[in-house]
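> Give me coordinates for this.
(chains A and B)
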2 protein chains.
Amino acid sequence: MSLDDVLARIDADLPAATDRLMNLLRIPSISTDPAFKADCDSAAQWLVDDLKSFGIAAEKRTTPGHPMVVGAGGDGARHLLFYGHYDVQPVDPLELWDNDPFAPEIQDTPNGPVIRGRGAADDKGQLMTFVEACRAWIAVHGSLPARVTFFFEGEEESGSPSLIPFIEENAEELTAELALICDTGLFESRVPAITTMLRGLMGDELTITGPDKDLHSGMYGGPAINPARVLARIIAALHDNTGRITVPGFYDGVPELPKGLRGQWDNLGFDSAAFLDGVGLSEPAGEQGRTALEMIWSRPTCEVNGMWSGYTGAGFKTVLPSKASAKISFRLVGDQDPFAIRESFRAMVRDMLPPDCTVEFSPHGIGKASTFETTGADFEAARQALSDEWPHEAAFTGCGGSIPIAGHFAEMLGVTPMLIGFGKDDDQIHSPNEKYDMESFHKGIRSWARVLHALTK
Amino acid sequence: MSLDDVLARIDADLPAATDRLMNLLRIPSISTDPAFKADCDSAAQWLVDDLKSFGIAAEKRTTPGHPMVVGAGGDGARHLLFYGHYDVQPVDPLELWDNDPFAPEIQDTPNGPVIRGRGAADDKGQLMTFVEACRAWIAVHGSLPARVTFFFEGEEESGSPSLIPFIEENAEELTAELALICDTGLFESRVPAITTMLRGLMGDELTITGPDKDLHSGMYGGPAINPARVLARIIAALHDNTGRITVPGFYDGVPELPKGLRGQWDNLGFDSAAFLDGVGLSEPAGEQGRTALEMIWSRPTCEVNGMWSGYTGAGFKTVLPSKASAKISFRLVGDQDPFAIRESFRAMVRDMLPPDCTVEFSPHGIGKASTFETTGADFEAARQALSDEWPHEAAFTGCGGSIPIAGHFAEMLGVTPMLIGFGKDDDQIHSPNEKYDMESFHKGIRSWARVLHALTK
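Numbering: from 1, shown residues only, chains lettered A, B, ... in the order given. Got it, this is the predicted structure:
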């Protein structure tokens, strides 16, 4: 049986597949920092070379930012698109890493071996699960079971500024029947999952200026406005005492959870206490009257991602700062309009500015929330394929993160996205010591072989 | 007349005196940063060598921190102590400097030549005004007109941790009739001043921890507490809407300004608008119902000197931070008890912590406010000497800054401090592009010669 041969080939090739992933992880493709521009290009080139090595017609496509990688292979009745991203998050605070984030290591842990390094889970390891499945399929069968378009982005972690124009310009090439996306996780690290709800995102950076230079707090403290205090007041005002966000109009378009879905989620037996305990917490801190799962999957949020002002080095400096800055992001759900929310947020900030203070904004990533259909035969076939690979039956789940690409495929190209991923809750993506379980990598590759088989048989 | 000879010698020696100051400014003696420990030692050694070069018996005295410099010279009926500090503030943000802060330059400006570099005004330039006056006096007369003890500290900008034990251990040597301190300024950059009121200081650093690691804001945003939001709420709560500080008991010991002093200050004709305009502001932002001068000289304040959390680099990172920190300082007046205020502040912070958050505190500089007598004959003699040197009559003024040493001399040794300095409002001490006017340096040296003469004739 052809699938078994592919699965056997995957098992036999795992050491080599791991080596390839380690090579990709060694490239510090941090897209958000211009200092790593050449490295982003190297990661794209590495992927082009790797795809070509097993017969995929791949090339690097330039954009105003980091390049896209597009590859075409296989033939057959069906046309599948696969999306992943080769860029990674910054690595600071570097001192909290136990190893060099770009010198990946295989480490034994009580939960089995893991691949430790920046990008191991988000998203290089996940991206390579699909690539390795295709490589094994071709090795066994000589070609893929469908026409497959590979599409790898290098700006996912920096707001995807080039993505929409690129999709527009290459719509024909990218329009497939189904868009497979590997950038999500297992449910509670155990249950294979197809993600059908994604939160949207609106990120904004603001810098408040008071005095035109840093001042001596003894000389000016009192009469001179302190922008750090102004920023603190604004941030403090973004939530009320019940955890609700106060930006005017923010909840427009936020739906209540349908009863049926709420019932399904309740049945998942999500362990909120264990989820929080894993990061040193004990109480859900968000909106009163909502479960933790509801908060993550179906409620909007506002978070301070970064904040800085004045002297932040060792010791003390009695400076009265000229500027105070914050990076703030909103996760969005339902029909919330990210552009309207950006305007409302900025208006609220301007309204709170005292005399002599000015504010500058710098926009970051933006995208609406998405909910996808799960009723087609493809979804049931894929769910069954995942259930065959893993010890638990696969579930349709929500996701607190934002993967705007899924919405773009649906809205711009009319292509149904199917989000399947193998990340675990403790992968520490976006954090120090990111890892990807060897089990996720190995079973992830096998899962894609099963899904390819299920979608094309 | 002997004073005229000294003044002429000072004028003739100004280029050499400037060269000496430039050499001292080249030593990056940042006391707050352990990376500059050796440089602090070099600055102390430079001063020892310089004092010895004109006959002062000087030596470096080790402390658990940076060394003290103590020198003894002259004889006569009177015993004067002189205090200055050789350490300087950190230099960041470095990119806002127009020249290397430790490659000082003489620059022409519309207001005359200035010495530009870190420490030019605070306090190396000021310290050297006294040293140069003594050098010139000895060059003309062969010895000083009084017994003079030189006492230079290297930890003034980092909270003076070694100062109190050192004064205790060397009380006999340091006990003089009068302690001359050169670390203050002219009034409004024009009027020579003897400072008779100093604010106290209580500095504290706090770090709030929520989750035990940085998290992905998509995955945890909502149920996980964000310490940056907690810190913002605490900072926002430190002032009420009228600008008053809310720390319980904070105003205990804050006196209303005596009517007489208020009248004197009103007569100074302080230009609040020009003071604020010089730093890009237009409205006094502090306590309602107080003048700007009152706020700076006689009212307590609370300032955020630094604040940081999460990702502060280029671009965006949707992190939910584990920690948020701030450096906060309070300027104190009257009989406010800095130790009681530290406890009350910390209790207030702890009371505001939500579940799952912890806080750690790290104490910085602490000292009570001081008010000094000005009625003795010495003060009138010094005031007259300053009036002779400058185009305006000298004034007794307040000062918004904190110079705990003045209080220590008074309380620990019973020595009356006399604070005379030549800084200008636009010297940008503690800021980028610090400078000291050549006029301040030159007339400052001449002023000390006149004051030495006035106190000993």
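
> For the closest residue to chain B within the stretch 51-200 of chain A, the count of nearby residues, please.
Closest approach between the stretch 51-200 of chain A and chain B, counting by Cβ to the nearest Cβ: A:S158, at 5.2 Å. In this view, the C-beta of every residue, glycine as well, is placed from N, C-alpha and C. By the criterion of other Cβ atoms under 10 Å in any protein chain shown, A:S158 has 24 neighbours.

> cool, A:D337 as well?
16.

> re the thing from before, for the residue of the stretch 51-200 of chain A closest to chain B, give me its contacts.
A:S31, A:T32, A:G65, A:D87, A:G365, B:G315, B:F316 (Cβ atoms under 8 Å, 6 or more residues apart in numbering or on different chains).

> Of the residues you listed, keep whichever come out buried.
Buried by 16 or more other Cβ atoms under 10 Å in any protein chain shown: A:S31, A:T32, A:G65, A:D87, A:G365, B:G315, B:F316, out of the contacts of A:S158.

> And the furthest pair within these?
Spatial extent of the buried ones among the contacts of A:S158 (Cβ to Cβ) is set by the pair A:G65 and B:F316 at 13.7 Å.

> Go through the buried ones among the contacts of A:S158 and say which is closest to B:P192.
B:G315 (51.4 Å).

> The helix or strand of chain A with the lowest mean pLDDT: which residues count as buried?
Within chain A, no helix or strand scores below helix A:259-267, which has a mean of 77 by mean pLDDT, DSSP states H and E. Within helix A:259-267, the residues that qualify as buried are A:L261, A:W265, counting by 16+ other Cβ under 10 Å.

> That helix near chain B anywhere?
No - judged by Cβ under 8 Å from any Cβ of the partner chain, helix A:259-267 stays clear of chain B, getting no closer than 14.2 Å.

> Which strands or helices does that helix pack on?
Packing contacts for helix A:259-267, counted by 3 or more Cβ pairs under 8 Å, 6 or more residues apart in numbering or on different chains; DSSP states H and E, involve helix A:292-298.

> repeat that with 10 Å
The helices and strands touching helix A:259-267, judged by 3 or more Cβ pairs under 10 Å, 6 or more residues apart in numbering or on different chains; DSSP states H and E, are helix A:292-298, strand A:395-399.

> and that helix, how far out from the chain's middle?
25 Å (Cα atoms, centre = their mean, to the nearest Å).

> contacting residues around that helix?
With contact meaning Cβ atoms under 10 Å, 6 or more residues apart in numbering or on different chains, helix A:259-267 is reached by A:196-197, A:256-258, A:291, A:293-294, A:297-298, A:371, A:395-398.

> show me which of those neighbour chain B.
Counting by Cβ under 10 Å from any Cβ of the partner chain, A:T291, A:L293, A:E294, A:W297, A:S298 from the contacts of helix A:259-267 sit close to chain B.

> Kindly tell me how buried the first one is, as a neighbour count.
It refers to A:T291. For A:T291, the neighbour count with other Cβ under 10 Å is 19.

> Please state the backbone phi and psi of it?
Per-residue torsions, A:T291: phi -80, psi 160 (degrees, to the nearest 10).

> distance of it from A:L268?
With distances taken as Cβ to Cβ, to the nearest Å, A:T291 is found 11 Å from A:L268.

> in chain A, which segments are predicted with low confidence?
Applying pLDDT under 70 to chain A flags residues A:1.

> Could you pull out the helices in it for me?
For chain A, the helices defined by DSSP state H cover A:2-25, A:37-53, A:124-141, A:163-169, A:171-174, A:217-220, A:227-236, A:259-267, A:272-277, A:292-298, A:338-352, A:377-389, A:404-408, A:438-456.

> could I get those as JSON lines with distance to A:V69?
What follows is the helices of chain A, written out as JSON lines (distance: least, Cβ to Cβ, whole Å):
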{"stretch": "helix A:2-25", "distance to A:V69": "12"}
{"stretch": "helix A:37-53", "distance to A:V69": "5"}
{"stretch": "helix A:124-141", "distance to A:V69": "10"}
{"stretch": "helix A:163-169", "distance to A:V69": "11"}
{"stretch": "helix A:171-174", "distance to A:V69": "13"}
{"stretch": "helix A:217-220", "distance to A:V69": "52"}
{"stretch": "helix A:227-236", "distance to A:V69": "39"}
{"stretch": "helix A:259-267", "distance to A:V69": "36"}
{"stretch": "helix A:272-277", "distance to A:V69": "35"}
{"stretch": "helix A:292-298", "distance to A:V69": "31"}
{"stretch": "helix A:338-352", "distance to A:V69": "27"}
{"stretch": "helix A:377-389", "distance to A:V69": "24"}
{"stretch": "helix A:404-408", "distance to A:V69": "14"}
{"stretch": "helix A:438-456", "distance to A:V69": "18"}
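
> residues shared between the contacts of A:G65 and B:F316?
By Cβ under 10 Å, 6+ apart, A:G65 and B:F316 have these common neighbours: A:S158, A:G159.

> that older thread, which among the contacts of helix A:259-267 end up buried?
A:196-197, A:257, A:291, A:293-294, A:297-298, A:371, A:395-398.

> how about those in CSV, adding distance to A:N170?
Output for these, formatted as CSV (distance: Cβ to Cβ, whole Å):
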residue, distance to A:N170
A:T196, 26
A:M197, 27
A:L257, 37
A:T291, 41
A:L293, 37
A:E294, 38
A:W297, 32
A:S298, 33
A:T371, 26
A:A395, 33
A:F396, 30
A:T397, 31
A:G398, 30
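
> For A:V254, give me its contacts.
Taking Cβ under 10 Å, 6+ apart, we find A:V254 in contact with A:I245, A:S298, A:R299, A:P300, A:L332, A:V333, A:G334, A:D335, A:Q336, A:A369.

> Any of these buried? List them.
A:I245, A:S298, A:R299, A:P300, A:L332, A:V333, A:G334, A:Q336, A:A369.

> looking at it, A:N99 is touching A:N433, isn't it?
Yes - at 8.0 Å, A:N99 counts as touching A:N433 under the criterion of Cβ atoms under 10 Å.

> more neighbours, these two?
A:N433 (19 against 13).

> Can you report how many residues lie near the residue lying closest to A:P432 once chain neighbours are set aside?
Ranked by Cβ to Cβ, 6 or more residues apart in numbering or on different chains and with sequence neighbours excluded, the top spatial neighbour of A:P432 is A:L96, at 3.8 Å. Neighbours of A:L96 under the rule other Cβ under 10 Å: 13.

> now, among the contacts of A:S158, which is nearest to A:R229?
Nearest to A:R229 among the contacts of A:S158, with distances taken as Cβ to Cβ, is B:F316, at 24.6 Å.

> Who are the contact partners of that closest one?
Contacts for B:F316 (Cβ under 10 Å, 6+ apart) come out as A:32, A:89-90, A:157-159, A:201, A:203-205, A:305-306, A:327-329, A:362-365.

> Would you show me how to pick out the buried ones of those in ChimeraX?
Under the burial definition 16+ other Cβ under 10 Å, those of those that qualify are selected in ChimeraX by:
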select /A:32,89,90,157,158,159,201,203,204,205,305,306,327,328,329,364,365
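
> Which members of the contacts of B:F316 are positioned in strands?
The strands, defined by DSSP state E, take in A:201, A:203-205, A:305-306, A:327-329, A:362-365 from those.

> Now narrow the residues you listed to whatever sits close to chain B.
Within the ones in strands among the contacts of B:F316, those near chain B by Cβ under 10 Å from any Cβ are A:201, A:203-205, A:305-306, A:327-329, A:362-365.
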